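In: return a 3D structure for these sequence lines:
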Amino acid sequence: MNKLLRIGQIVNTQGIRGELRVYPLTDYKERFEEIDWVYLDEDRSKRYTIEKVRYKNELVILKLKEINDINEAEKYKTKYLTIPKGSSRTLPEDTYYIVDLIGLEVYTHENEYIGVLKDVIQAAGNDIYEITYHKNPKKTVLIPAVGEFIKEVNIKEKRITVQLIEGFLE
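Out: The predicted structure follows:
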């Protein structure tokens with residue numbers, strides 16, 4: 001089955017006519033103007049038609065055809081807007097969908113196994129890879145997702161190669 005990509009999260013309502021404040025989970029928030037509909041969370045049984053898109057600071061303000069007042073809109077707070085991965089844009093080189101990275105094995109340049117990528121934390125400056133450390137599964141290793149540390153991502157081989165500096169694994 002085609003995976004779903006999270007493209008935004010509903011963080012609040014906007015006005016009384018059912019508009020939603022959405023925190024975009026994409027580097028290209030104008031993407032919302034290019035799609036016709038979304039799912040909410042993982043529920044594929046109902047599509048929500050995008051009627052209007054506008055912006056307010058870092059947020060996207062969306063009007064979905066099926067949501068017409070503030071009371072209805074309130075029910076959707078914290079839900080994710082998702083689209084089928086097949087509907088996604090082609091990414092630039094060295095850019096990956098988080099859904100494709102989760103679960104990849106992480107190794108050092110010296111081929112030492114570190115663990116499995118558990119999550120990608122989307123921070124203001126750059127993303128941070130959260131890795132479950134294989135020597136202590138309760139511990140997580142945090143590595144900034146920048147070229148200085150992430151040397152290779154190979155989706156086909158399900159492998160990430162990193163360059164660590166002293167202190168990363170302590």
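In: break the chain into its domains for me.
Out: 4-86, 98-162 (automatic domain parsing).
In: quick one: distance of the last one to the chain centre.
Out: By that I understand domain 98-162. Between the centre of domain 98-162 and the centre of its chain there are 15 Å (C-alpha atoms, centre = their mean, to the nearest Å).
In: longest strand anywhere in this structure?
Out: strand 43-56 (DSSP state E).
In: still on that earlier bit, using TSV, please lay out the domains of the chain together with distance to L169.
Out: Glycine gets a C-beta too; all of them are placed from N, C-alpha and C. Formatted as TSV, the domains of the chain follow (distance: least, C-beta to C-beta, whole Å):
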stretch	distance to L169
domain 4-86	29
domain 98-162	6
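In: I'd like those as a markdown table, with mean pLDDT and mean neighbour count appended.
Out: Compiled in a markdown table, the domains of the chain are given as follows (pLDDT from 0 to 100; neighbours: other C-beta atoms under 10 Å):
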| stretch | mean pLDDT | mean neighbour count |
| --- | --- | --- |
| domain 4-86 | 90 | 16 |
| domain 98-162 | 88 | 15 |
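In: picking that back up, after the longest strand of the chain comes which helix or strand?
Out: strand 59-64 (DSSP states H and E).
In: other residues contacting the very next helix or strand once past that following strand?
Out: Later in the chain than strand 59-64, the nearest helix or strand by DSSP H and E is helix 70-74. Residues outside helix 70-74 that contact it (C-beta atoms under 8 Å, 6 or more residues apart in numbering) are T13, G15, I16, R17, G18, E19, L20, I67.
In: and those residues, which of them are in strands?
Out: T13, E19, L20.
In: tell me the contacts of the first one?
Out: The neighbours of T13, taking C-beta under 8 Å, 6+ apart as the test, are E19, L20, R21, I70, A73, E74, K77.
In: one more time with 6 Å
Out: Contact analysis of T13 by C-beta atoms under 6 Å, 6 or more residues apart in numbering lists I70, A73, E74.
In: now it, nearest residue through space, not along the chain?
Out: A73 (4.3 Å; C-beta to C-beta, 6 or more residues apart in numbering).
In: tell me how far the one you found lies from L64.
Out: To L64, A73 is 9 Å away according to C-beta to C-beta, to the nearest Å.
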